[in-house]
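Dropping a prediction and its sequence here:
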Amino acid sequence: MKPSHRWSSSFRYAWEGIATSFRTQRHVRFHCVAAVIVIAAAIALSLPARDVALLLLVIALVISLELVNTAIEAVVDLAAPEWHRLGKIAKDAAAGAVLVAAVVAVVIGILIFYQPLMRWLGLL
């Protein structure tokens, strides 16, 4: 691939990476759907801006790590098409990073949504 020095090319390549990951990686699609649901719930429950900002931050973190995980998996597969212990370590560590971020995102979501949801359900 010939490197491009145009500013707009950088954005085009980034969008191509996001689109390819969305098309080919079910976990990326899952996290994007979850993000839409979380944002819709935040709007429906009229959460404060600081809470929405925190939700957006953890959503971006999880999706970004999914993209990095996809990149690492592709590079490992390119560099070592046959199974290799170091390739497994790289792939597992990248997947672990996504898992850590996703678990933290769920905990943050519970902390943010608990009271507003309980009030909406009439349980508080």
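Everything's here; your move.

secondary structure element for the residue nearest the centre of the chain?
Nearest to the mean C-alpha position of the chain, by CA atoms, centre = their mean, lies I63 at 1.4 Å. According to DSSP states H and E, I63 maps onto helix 49-79.

what comes up buried for that helix?
51-52, 54-55, 58-59, 61-63, 65-67, 69-70, 72-73, 76 (16 or more other CB atoms under 10 Å). Quick note: C-beta positions are derived from backbone N, CA and C, even for glycine.

Which residues does stretch 109-124 contact?
Residues from elsewhere that reach stretch 109-124, judged by CB atoms under 8 Å, 6 or more residues apart in numbering: 38, 41-42, 45-47, 51, 54-55, 58.

any chance of those in CSV, with distance to F22 and pLDDT too?
Below are the contacts of stretch 109-124 laid out as CSV (distance: CB to CB, whole Å; pLDDT from 0 to 100):
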residue, distance to F22, pLDDT
V38, 17, 98
A41, 22, 97
A42, 22, 98
L45, 27, 96
S46, 30, 96
L47, 26, 98
D51, 26, 98
L54, 24, 98
L55, 20, 98
V58, 19, 98
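
Widest-spaced pair of the residues you listed?
Taking CB to CB as the measure, those span a maximum distance of 19.4 Å, between S46 and V58.

returning to that earlier point: from the contacts of stretch 109-124, which single one is nearest R6?
Among the contacts of stretch 109-124, V58 lies closest to R6 (CB to CB), at 32.7 Å.

my read: that closest one touches A101, true?
Yes. Using CB atoms under 8 Å, V58 is in contact with A101, at 7.3 Å.

Give me the nearest residue to A80, chain neighbours excluded.
G87 (4.7 Å; CB to CB, 6 or more residues apart in numbering).

And the one you found, how close does it get to V98?
Computed as CB to CB, to the nearest Å, the G87 to V98 distance reads 17 Å.

what about the protein, any weak spots by pLDDT?
Applying pLDDT under 70 to the chain flags the ranges 1-5.

where exactly do the helices run in it?
Along the chain, the segments classed as helices by DSSP state H run 7-24, 26-44, 49-79, 85-120.
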